[in-house]
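Trainee: Next come a sequence and a model predicted from it.
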Amino acid sequence: MADLQTQFLAFHAEIKLGTYEGKHANGVLREKRDLIINQLKASLKAKEEEGYPQFVKRFNQGSYALNTGIKPIRTGDYDIDVGVLLDCHKEEYKPVELKELVAECIQYTNRDVNVSRSCVTVTYMKDGEPDYHVDLPIYAKSNNEYDDTYYLAKGKKGLTEDKRFWQESDPEGMTSLINDLYKDNDIYEDNGSDQRKQFRRCDPCRQIRTVKLGRFESSSLTIIVKPHLSWRLIA
């Protein structure tokens, strides 16, 4: 019988973003992120007298912040998630309205900017195919001075009102919580991997993002994900 951990390590090695590839992709994504954020800040500042909300802060989140990046299923199309907090209150704006405002501020000739359910997505194309994209989840706070919660703008045009709402969120807290897990644990695996690395390998989002089309194959194993997300490994 095949050793499950050995097969899992082989699968993980196939999907994880390698050191060289990761540095290259992340370097480009950081550059795109900074260009977009700088344009957003400048555009909002220029429209301050028109009542536009102002930029407060940005923070990395998702797989980039958690070091759980994967190789794209398609060639290229690397991504980074960058949370954006604005100085408005959720009571002042409908969530889709605020995202549309952000999308308007970051339009540029070489970008495809779209409002999706949970963020504003900026895609850079190459030869007619997506090459890189930056997802901008947009946050606001409440006008309740005792409420310091971040609220994520959810929804997009075309969805019913019940799917357009402000969702309580703690993206920075979640990132800190996960990144602080197993920081000082002793090595426990025969192959020298510690619990922190094993935890990242077992990130279900990383695995499911890779095999969401239903099947992943390499020279060493095949993994099939059924509709209810159970796993089957064929060594």
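Mentor: Thanks, I have it.

Trainee: now for the lengthiest helix in the chain, which elements pack on it?
Mentor: Secondary structure assigned by DSSP state H gives helix 19-46 as the longest helix of the chain. Judged by 3 or more C-beta pairs under 8 Å, 6 or more residues apart in numbering; DSSP states H and E, the packing partners of helix 19-46 are strand 55-61, strand 78-89, helix 95-105, strand 120-126, strand 129-136. For every residue, glycine as well, the C-beta is placed using N, CA and C.

Trainee: if you set the cut-off to 10 Å instead, what comes out?
Mentor: strand 55-61, helix 62-66, strand 78-89, helix 95-105, strand 120-126, strand 129-136 (3 or more C-beta pairs under 10 Å, 6 or more residues apart in numbering; DSSP states H and E).

Trainee: quick check: mean pLDDT across that helix?
Mentor: Averaged across helix 19-46, the pLDDT comes to 82.

Trainee: relative to strand 78-89, how tilted is it?
Mentor: 30 degrees (axes from the mean of the first three to the mean of the last three C-alpha atoms, to 10 degrees).

Trainee: one step back: mean pLDDT lowest where, among the helices and strands packed on helix 19-46?
Mentor: helix 62-66 (a mean of 75).

Trainee: Ser43: neighbouring residues, count only.
Mentor: Ser43 has 17 neighbours, counted by other C-beta atoms under 10 Å.

Trainee: which residue packs closest to Tyr108, ignoring adjacent ones?
Mentor: Distance criterion C-beta to C-beta, 6 or more residues apart in numbering; nearest residue to Tyr108, sequence neighbours excluded, is Gln39 at 7.0 Å.
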